[in-house]
Structures are given as structure tokens and as C-alpha cells.
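1. Quick one: sequence and predicted model below, then my questions.
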Amino acid sequence: MTVYGYRCPQCRQTYTSEVRGDRLDVVCHVCVHPRLHRDYSGIAVNRPMAEHWNSTVNMPIRSEAHFREELKVLSEANSLYTGVEQRLEILDPEQAKQGVTEEGLDATNRVRVASGRPPIKLY
């Protein structure tokens, strides 16, 4: 999902939208200006995945799309081998930073809930 930034030309209030364009026909919530203009000052670029050896699929990976494709192939092969449906997915690095321990997500969530913190949800 790509998010685009917009700014009200009158009061300078900023907004985000999934709609791409030079102008957005949305009324500003602050000054009721009828159109927002594209704000290019906060452009975020998603850096592409560099080519690397990936030990999960045991082969060189060229891009995120290639990695997703190979994870799907590996999931299907594991499902046939074990008889249990498998679905390998890319783990969001931000989710991974939330303190998952070696014991696994279930054990980590038990500790988090016991200490009053919300459980980590990966879906």
C-alpha cells in the first residue's frame, strides 16, 4: 500500500491518502478549503530488497516479489510432505522487534499478557 501526502494551501494542515494525484478533492477539516495539494516534502521511498542468499528458501533472492514466490513454492512443497497446510510469509521487521523470544510467539505472548502488555499479532 502506498500512502501519499497532501497539504491544505490555505492553512497548511497535512493529510495522507491512498489516492495519487496533484490535487485531492477533499475538504480541509480545519479551514474548509475545497482542495488539497500534493505535498512532496515528506516523500518516503521503500528501498528494494537487495539480491542476497536466503537460507529459508536456500537460494539467491533477487527481489521481494521473487522471495514471496519462492516462499509460496516452499509452502506448497512442505504442505505436500507433511500433509498439513503451511503458509510461509515474510515477517515484518517492526513486528520482529517487539521482543519475540527463542521460546516462540505463544510463550512471548503469555509473558506480555502477564505483564499487562498486549499480545503481538502477526495477522
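-> Received the coordinates, thanks. From a predicted model like this one, the values you see are computed outputs, not experimental measurements. Numbers count the residues shown, from 1 in each chain.
2. For this structure, which helix extends over the most residues?
-> For the chain, the helix with the greatest residue count under DSSP state H is helix 64-82.
3. For the helix or strand harbouring Y15, list the C-alpha coordinates in CSV.
-> Assigned by DSSP states H and E, Y15 belongs to strand 14-17. Provided in CSV are the C-alpha atoms of strand 14-17 (Å, rounded to 0.1, in the frame of the first residue of the first chain):
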residue,chain,number,x,y,z
THR,A,14,-1.3,17.9,6.3
TYR,A,15,-3.2,14.8,5.3
THR,A,16,-2.5,11.4,3.9
SER,A,17,-4.4,9.4,1.3
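4. Run through who's touching it.
-> Under the contact criterion CB atoms under 8 Å, 6 or more residues apart in numbering, strand 14-17 has outside partners 3-8, 24, 26, 28, 36, 39, 42. Every residue, glycine included, has its C-beta placed from N, CA and C.
5. Go through the residues you listed and name the one nearest V111.
-> The closest of these to V111 turns out to be V3 (CB to CB; 33.4 Å).
6. if I read this right, the closest one contacts E18, doesn't it?
-> Yes: taking CB atoms under 8 Å as the definition, V3 is a contact partner of E18 at 6.2 Å.
7. Looking only at neighbour counts, state which of those two leads.
-> With neighbours defined as other CB atoms under 10 Å, V3 and E18 compare such that V3 has more, 11 against 8.
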